[in-house]
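Predicted structure and sequence below. I'll ask about it afterward.
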Amino acid sequence: TEQTTEQTTEQTTEQTTEQTTEQTTDEQDPAGVPPLDWLTKASRVVDDVRGAFEMTSELIQLRSVAAVHDGADAHFEEYRRTAQLNDLMIRNSGYSEHVEMVLRGCLDPFDQVCGRIMGFTARQSWALGQAVLAVHSRRVRDKFVTMSAEYREAGKMLARMRRKNQLPAELRELSPTQQKRVFRRFIEATHLRDSLDLITVTATDLIDPADGIDAATATAWLEAHSCEPRSFDVRHHSTPCGGHPLTTSPVLKTSAGYVIPAPSGLPEALRPLMEDRLRTAGRQIWADYDRARATWMEKFTAERLSSRLPGSQSWSGVAWRAPDDDSDLDGLVSCDDVAFRIQCKAGRISPAARRGAPSMGEDVEHVINDAAHQHARLQRALIDNGPAALGFTSTQSTALSAPLTVEVVVCLDSVTVWATEVHKLRHLVTMPDAPQVPWVLSLYDFLAVTDLLEGAELVHYITRRLRLEAEQKVQAHDELDWAGHYITDGLFFDDIFDRADAPDVYRLLSYTEQIDTWYFARQGLLSRPVDRPSQVLPFALRQLLERLARDRPGHWLTASLILLHGNEETRAHLGTLMNHTAERSVEVGWSAGSHVYPDHVVTLRADRRCSGPALREQMRDYWITRLASYGRPNGIAIGLGLDHRLAVDVVETDTERTLAHVLLSRESARAVHTETI
């Protein structure tokens, strides 16, 4: 490892020195032809950066193996390695619209305090950050306009030189396309070589694009975000990972102005920096902000989730008290037979934890583990005392007793490394011994998932996530890879793990390209509109799901989840069954068809003779007389009656194998029997 590191340093130093020397010479000969040697050397810096990232990744892996070999804890080393490798990925933790939403939601109520202490507000901070991006974009755009004109002239010159046989030997050996590429690269390198000129800004540069914010405010903002040289620690920051100080203070102050080396990471640094300034401004100021931020996050998260579930109710900041314990439930959302219990955490994962320092366990315990234990404490109190005795209202008590309950932990900070595979946290901190693993994610990921999915599909996605989390066999880099896979291919892996040569672990590839494209279009960065990514469902099934969400009979959400529960083959069969049932009912007045699964039966019924309670009675009779003989503990029937409204009937005969268990288990991927009447 030491030899490799030393060799890399020597090579990088040698190449950089050679490149710098070349740049001080005249790069173009009198005939105006770019020398190929200069172009090759000019591209080395990019190769060096890529090589440094690749080699750093390899070194992280090797050092981790060596540490375990020398007696280090294997589970902790796995988290350290994952945290360091994650830092190598150049990807923002949130989309721009979500970053602004959270920044403004937390800090807008403190405009006067921020203006007095820092010299700018949250709105001004966001506007100035966008102004930096606008200045950079305009400069690059202007460069490319000039380059385009030079491309055309270079093409004409190249054609003349070919006709007059004036091309140097090294260019004559290339094809016409390669010759054009050489000229193009030379023009780009010439115009873009002075990177500091492109990314250096002054307060005056930001005034116009920032909606007329004055120079004093812009200067205060730039100074506040400037990175102190003493923040750089060669032990941690000389390689491309380790919580680099530029991720938290993204501006470098120079004699010519302010340099923003990584402008795409600027928006995410705005809120943490403003919070740090409030923390040092005084104990009372920070206490007021901390309390207001928590209240906003709880209310916002609960209302956001509720807005994506038709006919739902939500509460936030609900306190409860038991004889031997007391706490609060940050959010509660109830929708039909499903309830979400939410705990929100605004704690920060420190740079040291992100580079795998021993303090990582303390940060994770504060941000994630405490919330998981709060869920467990509430569950114990509910079992021992009942919701009414804890102080919950009758409506809240009904929600807390829902057949399907999902525990959620939403973190204000990015927790990708520790949230994507929550089951592994048992090796890092003491997670509660509970049958259900909480759905843990950052607020930014929560916003993205609830943008992409709604209604039954959102709940179904979460149940699949929880099931796979419990099985511990499928891995993904982040939450959006899970969501993207669900939308594109579903989260069905039974065929992979049921075969004789099943792998121990299956890792998802990145599925975020279509999601990124959609968000870019929403931001106006694309010239054409882009539809929201959505999973492909049989037309008849999609119509039935939309009808259930619109009519919302009792158990409508459970019925929708069971309809979505099958894989692509099962969904296609359901669509066929629906069409057959509808056609048959036109002929004889009613029709019913059923799919029998290992743990449940799904019945679809169309009846032109009755509706409402009478229709549900007919569906229950059908279960008793025909379907109970299959020995399945659960049944769910969906019927369309004379009034053209849907009705749902649910049968559960075994408390240990309810429909909630079906949704969270590996059974029932395919129907084992189908019957129609």
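On my side now, so go ahead.

most residues in a single helix of this structure, which one?
helix 122-163 (DSSP state H).

all helices for the stretch 401-550 of the chain, in order.
Listed in chain order, the helices of the stretch 401-550 of the chain (DSSP state H, counting those that start in this stretch) span 416-419, 443-452, 455-471, 479-489, 494-497, 513-522, 539-551.

any low-confidence regions in this structure?
1-42, 89-91, 239-242, 666-677 (pLDDT under 70).

Could you list every helix and strand in contact with the longest helix of the chain?
helix 96-107, helix 111-117, helix 176-192, helix 195-199, strand 200-201, helix 203-207, helix 215-224, helix 266-279 (3 or more Cβ pairs under 8 Å, 6 or more residues apart in numbering; DSSP states H and E). Glycine gets a C-beta too; all of them are placed from N, C-alpha and C.

Which among the helices of the stretch 401-550 of the chain is found nearest to residue 376?
helix 455-471 (15.5 Å; Cβ to Cβ).

Would you mind listing the buried residues in the closest one?
Under the neighbour-count criterion of 16 or more other Cβ atoms under 10 Å, helix 455-471 has 455-470 buried.

ok, now stretch 102-109?
Across stretch 102-109, burial judged by 16+ other Cβ under 10 Å covers 102, 103, 104, 105, 106, 107, 109.

The third one is in contact with residue 127, isn't it?
No: counting by Cβ atoms under 8 Å, residue 104 does not reach residue 127; the two are 11.0 Å apart.

thinking again about what came up before, and the angle from the longest helix of the chain to helix 96-107?
160 degrees (axes from the mean of the first three to the mean of the last three Cα atoms, to 10 degrees).

and helix 122-163 with helix 215-224, angle?
Counting by the same axes, to 10 degrees, helix 122-163 lies at 80 degrees to helix 215-224.

just how off-centre is helix 122-163 within its chain?
Helix 122-163 sits 32 Å away from the centroid of its parent chain (Cα atoms, centre = their mean, to the nearest Å).

What is the subsequent helix or strand relative to that helix?
Once helix 122-163 ends, the next helix or strand along the chain (criterion: DSSP states H and E) is helix 169-172.

on that earlier part again, list just the nearest of the buried residues of stretch 102-109 to residue 504.
So of the buried residues of stretch 102-109, ranked by how close each gets to residue 504 (Cβ to Cβ), first place is residue 102, at 37.8 Å.

give the contact list for the closest one.
The neighbourhood of residue 102, defined by Cβ atoms under 8 Å, 6 or more residues apart in numbering, consists of 94, 271, 412, 443, 444.

Helix, strand, or coil at the nearest residue to residue 639 once chain neighbours are set aside?
Once flanking residues are discounted, residue 639 sits nearest to residue 605: 4.0 Å by Cβ to Cβ, 6 or more residues apart in numbering. Classification of residue 605 using DSSP: H, G, I helix; E, B strand; the rest coil returns strand.

Kindly report the same for residue 636.
The three-state assignment at residue 636 reads strand, by three-state DSSP.

Correct me if wrong: it contacts residue 650.
Yes: counting by Cβ under 8 Å, residue 636 does reach residue 650; the two are 5.4 Å apart.

which one of these two has more residues nearby?
Using other Cβ atoms under 10 Å, the more surrounded residue of residue 636 and residue 650 is residue 636, with 24 against 21.

give me the beta-bridge partners of the more buried one?
Per DSSP bridges, the residues bridged to residue 636 are residue 602, residue 650.

rewinding a little: so who does the residue nearest to residue 639 touch?
Residue 605 makes contact with 581, 590-593, 615, 618-619, 622, 637-640, according to Cβ under 8 Å, 6+ apart.

contacting residues around residue 100?
126, 267.

Now the helix or strand where residue 396 lies - C-alpha only, PDB.
Here residue 396 sits within helix 394-400, counting by DSSP H and E. Taking Å, rounded to 0.1, in the frame of the first residue of the first chain, the C-alpha atoms of helix 394-400 are listed here in PDB:
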ATOM      1  CA  SER A 394     -60.100   7.700  19.800                       C
ATOM      2  CA  THR A 395     -59.200   8.400  16.100                       C
ATOM      3  CA  GLN A 396     -55.500   8.200  16.800                       C
ATOM      4  CA  SER A 397     -56.100   5.000  18.800                       C
ATOM      5  CA  THR A 398     -57.800   3.500  15.800                       C
ATOM      6  CA  ALA A 399     -54.800   4.400  13.600                       C
ATOM      7  CA  LEU A 400     -52.400   2.900  16.100                       C
END
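
and that helix, how far out from the chain's middle?
Chain-centre distance of helix 394-400: 31 Å, with Cα atoms, centre = their mean.

Identify the residues contacting it?
Where contact means Cβ under 8 Å, 6+ apart, the residues beyond helix 394-400 that reach it are 313, 315, 318, 332-334, 339, 341, 382, 386-388, 392.

distance of the residue in the chain sticking out farthest from the centre from residue 531?
Ranked by distance from the centre of the chain (Cα atoms, centre = their mean), the top residue is residue 164, with 58.1 Å. Residue 164 is 53 Å from residue 531, where distance means Cβ to Cβ, to the nearest Å.

what's the answer for residue 310, then?
21 Å.

between those two, which one's more packed in?
Legend: neighbour count by other Cβ under 10 Å for residue 310 and residue 531, higher for residue 310 (17 against 8).

quick one, what contacts that one?
Neighbouring residues of residue 310 by Cβ under 8 Å, 6+ apart: 335, 455, 549, 550, 552.

Need the phi and psi values for it.
For residue 310, the backbone dihedrals (degrees, to the nearest 10) come out as phi -60, psi 130.

again with residue 646
According to degrees, to the nearest 10, residue 646 has phi -90, psi 150.

That one - how many residues pack around it?
Neighbours of residue 646 (other Cβ under 10 Å): 20.

Hmm, residue 350 is touching residue 358, no?
No: if you go by Cβ under 8 Å, residue 350 and residue 358 don't touch, sitting 11.5 Å apart.

of those two, who's got more company?
It is residue 350, of residue 350 and residue 358, that has more neighbours when counted by other Cβ under 10 Å, with 16 against 10.

before we move on, the earlier item: what would the buried residues of stretch 102-109 look like in TSV with distance to residue 190?
Shown next, in TSV, are the buried residues of stretch 102-109 (distance: Cβ to Cβ, whole Å):
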residue	distance to residue 190
102	42
103	39
104	42
105	46
106	45
107	44
109	50
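
Out of those residues, which comes closest to residue 237?
residue 103 (25.9 Å).

Now residue 502: closest residue in space that isn't a chain neighbour?
Once flanking residues are discounted, residue 502 sits nearest to residue 496: 6.4 Å by Cβ to Cβ, 6+ apart.

so which pair among the contacts of residue 310 is furthest apart in space?
335 and 550 (14.3 Å).
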